[in-house]
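> Using only what follows, build the 3D model:
(3 chains)
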Amino acid sequence: MSRDVVLRISGVSKRFGGIWALKNVNLDVYRGELLVLLGPSGSGKSTLLRIIAGLEVATEGSIYMEGEDITNLPPYKRDTSMVFQHLALFPHMTVYENVAYGLKIRGLPRDEIDRRVDEALELVRIRELGDRRVTKLSGGQQQRVAIARSLVLKPKVLLLDEPLGALDLKLRKELHIELKRLHEEVGNTWIFVTHDQEEALTLADRIGVMNQGRLIQVGDKWDVYEYPKTRFVAEFIGETNLFEVVVEEVLGDRAHGSWNGVRLAFRDGGFRRGEKIFLSVRPENLHISSSPPSGGDVNSLYGEVEVEVFRGSYVIYHIRLLNGELIHVTVLSKDANYDPGDKVYVYWTVDKAVALRE
Amino acid sequence: MFRGEDRKRFMTLISNLPTATYVFLLFYIPLGILILISFTVPSKFRVIWEFTLENHIRVFTDPRFYTPILNTFLIVTAATLALIAIGFPIAYYLARVRPDLGLKIIFFLIIPVEVNYLIRIYAWRVILGENGLINSFLISLGLIDKPLTILFYSWVSVVIVLIHEWLPYVVIPFYVNLVGIPRDLYEAAMDLGANKLQVFRSITLPLVKPAILTVMFIVFIPSLGEFAIPALVGGQSGVMIGVLIDRYLTDFRLAMGAALSFFLLIVTLILSLIMIKIFGYESLYQR
Amino acid sequence: MPGEKTIRISLGLYTAVVIAFFIYLPIAVIYVYSFNDIPFFIPEWRGFTLKWFIQGFSRKDVISSLINSLYVASLTTSISMALAIPSAFYVVRGRGKIKDAYMLYLIIPFIIPWIIIGISLYIFYWFAGIQKSLHTAILAHITYTIPLIITLVAPRLYSMNPDLENASMDLGATPIQTFRYVVFPQLYPAIVSAAIVAFVWSFDNFIISYYTLGAESTWPVWVFSVREIGRIFPVVMAVSSVIVTVSMIIITIIVRKGYVEIV
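Next up is the predicted model:
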């Protein structure tokens, strides 16, 4: 199935003074998806967003929207709309005036503006707040105004720059659901920038992981989670256990290597003998049992439960292995029958581990 | 390709070009000409395009020049010190003794600034003159027989009028500085056993140093170039650089007048530089 | 050590006396001599009269100097606003060595004694053969009011969130529309304050006007020119008291209505 590309970012690099904030970013954005750009501070994700919006201009590379080159178009000529990090609501205007701003600029007739503003406020469920000054609203309400202001223009692409950063945790989680719903209802393409991987996993259809100006990996969120391409991605999204393994031999599609004295099997990725790779195993893919695992394609380790961390619906066990290393295993609470001091076997199916070069 | 970044730079250039050009044509070029002329051979009514350092040397060696210059510095220094001595207690009163009245009184301090500067100096002529208010008042009280010559139209009058002019500008920085000292500093000192006088000496005084410095520059630098005050109430002993420059210029002895102006300019720039070094660029904006 | 109450009373007294003498005495003199029926400044009260007011406002030279001052102040303010505001933007939002140099470049006229601006233009006009007039004075005033306005507007601009302009452009407004609908409404109080300060400064300015005016005088220059003519003195007082009263009323109204930020 070929998907409809609404935005193509091609070879984009951006330099500020002596520093390259973005290095050769290539990304296709598909129509109707919610793409999350995830990365730590300084990864360039906000810069990329601003370049898409037209608020910065790329030093190298081009941006195409539906085939048309918009690289040099000023922001007011682009069919994108941005929700800013600190919202940037116009403090001297009411909610209505803020939302109506873009429509007024376009010169639409008064009754159509009224109608569309009404629609937008209804969409974000703050219809009754139309006449309030934006400075008198709560954080969550202001969020909705900012979103309404952008959506009322029916942009092809909605850009969101970490808009939920200033809100408390509970409010943020509520808004995650709201945003998902809105995206379903409106149906256009969204690009959401955040450093919070939980937020990314909640909201995204696809995730693009960025670090130090580069786009490291982009794909469906399940793919990015289960099959990270680099150590950075594996560690940045979710929790993982990382084993530093020296490759010893490769047989067919299986490879074997040694990790601190323990021999492990994993899927071959074109490795050579002596190469050092990282094996990433997510805690939920690890199993515990008091008796050795039987059969199957597994790697098995032996150790003692050191700490039990209770998280409500699940438990994280910290297990100290024979070779001295610590490993984290996640188990649903109902199956968590082990105590500190217990000697256990920890194992995983070989295919559930991802071997990474960097 | 005409990239967006270039467009932004172009817009910035276009919007600032008129201003930059204006200032260049109407400030820097005239200033340049002034400096140039200050190095020319003096003559009346015209400029002789021969160059000499003599004018500038004379500024320092000829008593006709260095006396008024020294005079200027003395007057301004006296006025500044007097302003600090007079203004600080007021600021202290408003900030610490009656903080409730503080802003209202400050408002009262500022209103008279409305009145035209020259008119106020005129009024001081009335007050300080030979037959002026003060003298008549003192004579009628029988305290003195003849009018106090020192009062009218001398360097003393200049200092008095300078005090009048700058007092609000002195009280306010002190007030702001004092108000900005956190209460807990005083409370901590008292808790540690200091009495009021000791608190004043060890906490208050050292912490108003910034204001003192600010004041010195707010008052000192502009006062050096004062012309109207010495012209109207300065008399013989109150001649300042500004008056001197004016004399030479109205006489059309441009070279010497320019040299004196150049001296004033350099002194001002040096003092401002010192202020920048101590305070950073923002201090320029305090005025 | 004297008690707290003593300190409070004596400081209070001191403050009152100092303010009364150094600040308000001349003001009182001005008001009193506006009504005193005596043509010189002798400390003698000869009776209440309004003739100075009548004389003042019927004299051609008084009226024309006042009008000239208004004219010069208006043009100075409007022209320098137009020149100063774009530079204010650059100074606040720009970065780099060029910006720092530009800031210094613009601020020099602001920190040097005014007499130097006056004198250098006096010589310049003579040198270039330009006839001095009200307009040559306006040109001189502007070199000072440009940095003055920038100084007054920059702090407000600095505290304005630049994302507001970005949001406006993102929503479809051109830079000019953005200035009109987003920037200006925010900046409005600072701009009005700056305009008032510039206007008053220009109206009241003596020293620069003194050296750059031609045949026509502005009010302060006229006042200076008649300083030796004793009989004019009360006229000057009368006119001043009117100006002061009027401007105080205007200021009170403006402050009450909150149009201006009290800096």
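> Count the residues that sit near residue 199.
Looking at chain A here, since you left the chain open. 21 (other C-beta atoms under 10 Å in any protein chain shown). From N, CA and C alone the C-beta is placed, and that goes for glycine too.
> nope, chain C please
The tally of other residues near residue C:199 (other C-beta under 10 Å) stands at 18.
> So it sits against residue C:73, correct?
Yes: A contact is recorded between residue C:199 and residue C:73 when judged using C-beta atoms under 8 Å, the distance being 4.8 Å.
> Give me the common contacts of those two.
When contacts are counted by C-beta atoms under 8 Å, 6 or more residues apart in numbering or on different chains, residue C:199 and residue C:73 are jointly contacted by no residue.
> Could I get the contacting residues of the residue most central in space within chain C?
Within chain C, one residue has its C-alpha closest to the average C-alpha position: by C-alpha atoms, centre = their mean, that is residue C:201, at 1.6 Å. Remark: with contacts taken as C-beta under 8 Å, 6+ apart, residue C:201 is in contact with C:144-145, C:148.
> What is the nearest of the residues you listed to residue B:240?
Within the contacts of residue C:201, the smallest distance to residue B:240 is 20.9 Å, found for residue C:144 (C-beta to C-beta).
> packing partners for the helix or strand of chain B with the lowest mean pLDDT?
Within chain B, confidence by mean pLDDT, DSSP states H and E is lowest for helix B:133-140 among all helices and strands, at a mean of 75. Under the contact criterion of 3 or more C-beta pairs under 8 Å, 6 or more residues apart in numbering or on different chains; DSSP states H and E, helix B:133-140 touches helix B:117-128.
> The helix it packs on to helix B:133-140, inter-axis angle?
In this structure, helix B:117-128 runs at an angle of 10 degrees to helix B:133-140, with axes from the mean of the first three to the mean of the last three C-alpha atoms, to 10 degrees as the basis.
> what's in contact with helix B:117-128?
Under the criterion C-beta under 8 Å, 6+ apart, residues B:112, B:132-134, B:151-153, B:157, B:160-161, B:164-165, B:228-229, B:232-233, C:25-27, C:29-30, C:33, C:41, C:43, C:204, C:206, C:220, C:223-224, C:227, C:233, C:236-237, C:240 lie in contact with helix B:117-128.
> that older thread, relative to the whole chain's centre, how far out is the least confident helix or strand of chain B?
Centroid separation for helix B:133-140 versus its chain: 30 Å, with C-alpha atoms, centre = their mean, to the nearest Å.
> and the next helix or strand after it with chain C, contact?
Stepping forward along the backbone from helix B:133-140, the first helix or strand reached (DSSP states H and E) is helix B:155-179. Yes: part of helix B:155-179 sits close enough to chain C to count as contact by C-beta under 8 Å from any C-beta of the partner chain, namely B:160, B:163-164, B:167-168.
> just stretch B:185-204 next, same as before
Yes: with C-beta under 8 Å from any C-beta as the measure, stretch B:185-204 is seen reaching chain C through B:195-197.
> quick one: the strands in the stretch 201-350 of chain A?
Per DSSP state E, counting those that start in this stretch, the stretch 201-350 of chain A has strands spanning A:206-211, A:214-220, A:241-251, A:254-259, A:262-267, A:276-281, A:287-289, A:298-310, A:314-321, A:326-332, A:343-349. These are given in chain order.
> how many other residues sit next to residue 214?
You didn't pick a chain, so chain A it is. Considering only other C-beta under 10 Å, residue A:214 is surrounded by 18 other residues.
> wrong one, chain B
Under the criterion other C-beta under 10 Å, the count of neighbours that residue B:214 has is 24.
> Against residue B:174, how distant is it?
In this structure, residue B:214 lies at 9 Å from residue B:174, with C-beta to C-beta, to the nearest Å as the measure.
> Just send the residues of helix B:155-179 next to chain C back as CSV, with pLDDT and neighbour count too.
Formatted as CSV, the residues of helix B:155-179 next to chain C follow (pLDDT from 0 to 100; neighbours: other C-beta atoms under 10 Å in any protein chain shown):
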residue, pLDDT, neighbour count
B:160, 90, 22
B:163, 92, 22
B:164, 91, 22
B:167, 90, 22
B:168, 88, 20
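> Which of those residues sits closest to residue A:349?
The nearest member of the residues of helix B:155-179 next to chain C to residue A:349, counting by C-beta to C-beta, is residue B:168 at 83.0 Å.
> For that closest one, give me its contacts.
Shown here is residue B:168, whose contacts under the criterion C-beta under 8 Å, 6+ apart are B:106, B:109-110, B:112-113, C:23.
> cool, residue A:66 as well?
With C-beta under 8 Å, 6+ apart, residue A:66 has these contacts: A:6, A:156.
> isn't there a strand covering residue A:24?
Yes: assessed with DSSP: H, G, I helix; E, B strand; the rest coil, residue A:24 lies in a strand.
> What about it, how many residues nearby?
Residue crowding around residue A:24 was assessed by other C-beta under 10 Å; the count is 14.
> wait, doesn't it sit right on residue A:15?
No: with contact taken as C-beta under 8 Å, residue A:24 and residue A:15 are classed as non-touching, separated by 12.0 Å.
> mind listing the strands for the stretch 1-150 of chain B?
Counting by DSSP E, counting those that start in this stretch, residue ranges of the strands within the stretch 1-150 of chain B are B:40-41, B:48-51.
> Serialize the ones you listed to TSV and add fields for mean neighbour count.
Rendered in TSV, the data for these read as follows (neighbours: other C-beta atoms under 10 Å in any protein chain shown):
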stretch	mean neighbour count
strand B:40-41	17
strand B:48-51	10
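> Out of those, which gets nearest to residue C:14?
Using C-beta to C-beta as the criterion, the shortest distance between residue C:14 and the strands of the stretch 1-150 of chain B is 53.5 Å, found for strand B:40-41.
> The closest one packs against which elements?
Applying 3+ C-beta pairs under 8 Å, 6+ apart, one finds that strand B:40-41 makes contact with strand B:48-51.
> Give the pairing partners of the strand it packs on; include direction for each.
Each strand that strand B:48-51 pairs with, and the sense of that pairing, follows from DSSP bridges: strand B:40-41 (antiparallel).
> burial of residue B:218, as a residue count?
22.
> so the residue nearest to residue B:248 when sequence neighbours are not counted, which of the three states?
The shortest distance from residue B:248 to any residue other than its chain neighbours is 3.5 Å, reached at residue B:257 (C-beta to C-beta, 6 or more residues apart in numbering or on different chains). Three-state assignment for residue B:257 (three-state DSSP): helix.
> Okay, residue B:257 and residue A:178: tell me how far apart.
Shown here: residue B:257 relative to residue A:178, a distance of 75 Å by C-beta to C-beta.
> Tell me which of those two has more neighbours.
A side-by-side neighbour count of residue B:257 and residue A:178, using other C-beta under 10 Å, places residue B:257 first with 26 against 16.
> Can you tell me, leaving aside adjacent residues, what's nearest to whichever residue of the stretch 151-287 of chain B sits closest to chain C?
When distances are taken as C-beta to the nearest C-beta, the stretch 151-287 of chain B reaches nearest to chain C at residue B:225, 2.5 Å away. Across the structure, with C-beta to C-beta, 6+ apart as the measure, the residue nearest residue B:225 apart from its sequence neighbours is residue C:113 (2.5 Å).
> per-residue pLDDT, that neighbour?
If you check residue C:113, the pLDDT there is 89.
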